[in-house]
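Novice: Below are the sequence and a predicted model for it; my questions follow.
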Amino acid sequence: MMLGAGLVSGQVLAAEREFDMTIEEVTLKVAPNLDYKVFGFNAQVPGPLIHVEEGDDLIINVMNNTSLAHTIHWHGIRQKGSWQNDGVPGVTQKPIEAGESFTYRFKAERIGSLWYHCHVNVNEHVGIRGMWGPMIVDPKKPLPIEERVTKDVIMMMSTWESSAKDKYGEGGTPMDVADYFSVNGKSFPLTQPLRIEKGDVVRIRFYGAGGATHAMHSHGHDMLVTHKDGLPLDNPYYADTVMVGPGERYDVIIEADNPGRFIFHDHVDTHVTAGGKFPGGPITVIEYDGIEMEDWYVWKD
Amino acid sequence: MMLGAGLVSGQVLAAEREFDMTIEEVTLKVAPNLDYKVFGFNAQVPGPLIHVEEGDDLIINVMNNTSLAHTIHWHGIRQKGSWQNDGVPGVTQKPIEAGESFTYRFKAERIGSLWYHCHVNVNEHVGIRGMWGPMIVDPKKPLPIEERVTKDVIMMMSTWESSAKDKYGEGGTPMDVADYFSVNGKSFPLTQPLRIEKGDVVRIRFYGAGGATHAMHSHGHDMLVTHKDGLPLDNPYYADTVMVGPGERYDVIIEADNPGRFIFHDHVDTHVTAGGKFPGGPITVIEYDGIEMEDWYVWKD
Amino acid sequence: MMLGAGLVSGQVLAAEREFDMTIEEVTLKVAPNLDYKVFGFNAQVPGPLIHVEEGDDLIINVMNNTSLAHTIHWHGIRQKGSWQNDGVPGVTQKPIEAGESFTYRFKAERIGSLWYHCHVNVNEHVGIRGMWGPMIVDPKKPLPIEERVTKDVIMMMSTWESSAKDKYGEGGTPMDVADYFSVNGKSFPLTQPLRIEKGDVVRIRFYGAGGATHAMHSHGHDMLVTHKDGLPLDNPYYADTVMVGPGERYDVIIEADNPGRFIFHDHVDTHVTAGGKFPGGPITVIEYDGIEMEDWYVWKD
């Protein structure tokens, strides 16, 4: 679940941050019985976390090592004065063809839970080939509640079509059936537990990375919804189930005040299957430190 | 529509409340032409209303009289200090096998529109077998608007697959097609009218009990959305159409200031069919007292 | 995109406004390869904009020139004291049969982004036959931000089933597959560009006119969500992706401070296809005045 160490310490001056990124044809194990051909940023799904400070100047060198054309759109970045770096084929640039490279340059002026994804054939590349990753722009002035965060979690939900697992260039149409569902590219039981301890202040950043809407439900804890699409809400609200649609992000805070073991899952009933069988999909378990693991616990090992 | 008499009068001390509940294999008439095998809590769908006060201690004895395993999850209850009562197989308990029983004990510390549902094979048992019911925890300090409520209505929306109506253990996968839709287990015209009179303050508690998102639309009245998942919003807002996703709850208030006859329905167009034919699904009619019923009124009788 | 000249100047007294409207069987070019039989209000999709002032008295004479029965529901209008004009067959009136007419009379007391649509066989007529149009009731006291608006845009999203394109009376069931998606009845590239200039204050009124939920995403600009279902929110919030469900409306404000060329689209991945091929669907481009059009720009001409 990408549990991080919390916020990087602040820095006053804008920095120039340069990243190299490749796009690779790799196979992702989405579920125990589902090996899936994806286009992976740096050969992984989700792509690598790009974590910068508000105001940083970014230079991102992209090398397309796949057999098809791509671009990268930086979802949420405003591209003020830099629209040619928005990554949309036919609108802001020509596609990055197979074997070619492209350099994106822009300022991270927009804060929060952002992400990046391909903008070529998005129904396939974004919908079912894993071409997305998180980008987090830490604000210069975080909210008080953000300063209390002790655990950072990213959950990017998406769907998969087993019928298209071996065939680049196919799938992702309204006629195809999504039959696997995932958080961070993994279907339960391949997902990671969310290990916390009492007193933790856990921030979860939900991303609707694919084409479905997910109903993320925390057991044992209400979630304080603090940000929508990376921007703070004037009136945070509590929920135990947060709908996360395609392209959306919600930041939520969980106060870890309830030691135990609690499932955390997508409440769309069909989403907790894998190849039509329960259980699977976007399911994890909040495991508090110190709770005994009985032999019937599904994730005992 | 489960029109109730309003709030039970307050009580100062926490009470111990004990309930016996069975799970039965019964047939539910969802639509005039659809008899459906369900697992009914106390042989009914929705299951019986559990209506308690904030702070009550609950003891719920569950007897599984069906041929398959189940558990009960109390959705919204935080299970503080009682996580083993959260009702999730493989995480908090072993399933309640056929013919076995289990007792849940927990405190109703979390207020509002809660619910309960099975957590075994949820894609089938919750998605298409009716294993859910409402649980309402009245707050010790209700909001002023809650104290004005004169009519209480519960609407739990879900979907059905006619292909699985006779076959326990099947259905509820992404490959199956939901072709019937309901409020409180009934498809129009089997739904109940919502009978009110001028001056009523009507609270509707919407529940996304199944796997679909429903767009609940009131004719003739705006709805003030006051609670999300049982908890009060700092900033209630008006809507004429409220999206209710899987697992979510919204409490809304309607001021009955507009005598007449108004349809009230799910605005997802395919949801107002039954077996592919219009009209059906989550449709009811707000009937004000004293409005004449013409011979062409669909619910004249 | 129905770019208008902004708000009509206010008028103090309520006016009686009379409109004649017909319903016609016409063919709509939804996509370059999709000619679709629709029921068009005044032979068009969306139907004509009805733009009135708060408090106006409306008289709308409807002539049904099609071969099937219809009604018109005025979605959002409260019909206070005029429920027989709510346009619901079997509840408020008998259907308007082929060749017959009906006159609706009501007061536009409810402000904001309203709409109208048929209420007969809604799964087909509203879902896939284009029987909807916008109705805007300007408030007597607009918000300060509304007074700053320089460009008005309406976006009504819906879906289409190519299998039903030639057959009135069919389609729109859960068994049918929507394989074309549109804004204002058009799939990209038949959609219109959104031409603005720096300094514009653009209001977009999103409508969920069909049966799907759309994730409207603006590149290069955050959107301030100011109204839900036509009514002002106490706490507007920013978003780059707005979920718009069936029947819902959201008003958003975009400050045009970022000259360039930015795509604007539905983020539901399958929705940006047409007949299974990318790109199509609810896609447009924000074109700032003065930006050069390179030869690779998809909408150069």
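Specialist: Noted; the coordinates are in hand.
Novice: residue contacts, the residue in the stretch 51-200 of chain A positioned nearest to chain C?
Specialist: Taking CB to the nearest CB as the measure, the stretch 51-200 of chain A has A:Trp83 as its residue closest to chain C, at 2.7 Å. C-betas here are computed from N, CA, C, even on glycine. By CB atoms under 8 Å, 6 or more residues apart in numbering or on different chains, A:Trp83 lies in contact with A:Thr92, C:Gly220, C:Asn258, C:Pro259, C:Gly260, C:Arg261, C:Phe262.
Novice: thought the last one was touching C:Val202?
Specialist: No. Counting by CB atoms under 8 Å, C:Val202 is not a contact partner of C:Phe262; they are 11.9 Å apart.
Novice: ok, the two, which is more surrounded?
Specialist: C:Phe262 (24 against 21; other CB atoms under 10 Å in any protein chain shown).
Novice: which residues touch that one?
Specialist: C:Phe262 sits next to A:Gln79, A:Trp83, A:Asp86, A:Val88, A:Val91, A:Thr92, C:Ser218, C:His219, C:Gly220, C:His221, C:Val285, C:Ile286 when contact means CB under 8 Å, 6+ apart.
Novice: For chain B, see how far away the fourth one is.
Specialist: In other words, A:Val88. From A:Val88 across to chain B, the span is 29 Å (CB to the nearest CB, to the nearest Å).
Novice: Pipe the contacts of A:Trp83 into a markdown table and attach pLDDT and distance to B:Gly185 per row.
Specialist: As requested, the contacts of A:Trp83 are exported to a markdown table (pLDDT from 0 to 100; distance: CB to CB, whole Å):
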| residue | pLDDT | distance to B:Gly185 |
| --- | --- | --- |
| A:Thr92 | 98 | 51 |
| C:Gly220 | 98 | 47 |
| C:Asn258 | 98 | 51 |
| C:Pro259 | 98 | 56 |
| C:Gly260 | 98 | 53 |
| C:Arg261 | 98 | 52 |
| C:Phe262 | 98 | 47 |
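Novice: thinking A:Asp251 is in contact with A:Val225, fair?
Specialist: Yes. Here A:Asp251 lies in contact with A:Val225, judged by CB under 8 Å, at a distance of 7.5 Å.
Novice: Show me which of the two is the more surrounded one.
Specialist: More crowded of A:Asp251 and A:Val225, by other CB under 10 Å: A:Asp251, with 27 against 19.
Novice: who's that one bridged to?
Specialist: Beta-bridge pairing of A:Asp251, defined through DSSP bridges, involves A:Arg205, A:His227.
Novice: The longest strand seen in chain A near chain B anywhere?
Specialist: For chain A, the longest strand by residue count, based on DSSP state E, is strand A:16-31. No. Using CB under 8 Å from any CB of the partner chain, strand A:16-31 stays clear of chain B, with a minimum separation of 13.4 Å.
Novice: re the thing from before, who wins on neighbours among the contacts of C:Phe262?
Specialist: Going by other CB under 10 Å, C:His219 tops those with 28 neighbours.
Novice: so who does it touch?
Specialist: A:His73, A:Gln79, A:Asp86, A:Val88, C:Phe262, C:Ile263, C:Phe264, C:Ile286 are the contacts of C:His219 under CB under 8 Å, 6+ apart.
Novice: And what about the last one, helix, strand or coil?
Specialist: What that stands for is C:Ile286. Assigned with DSSP: H, G, I helix; E, B strand; the rest coil, C:Ile286 falls in the strand class.
Novice: What sits closest to it if chain neighbours are left out?
Specialist: C:Phe262 (4.4 Å; CB to CB, 6 or more residues apart in numbering or on different chains).
Novice: can you tell me which helix or strand the one you found belongs to?
Specialist: Using DSSP states H and E, C:Phe262 sits within strand C:261-266.
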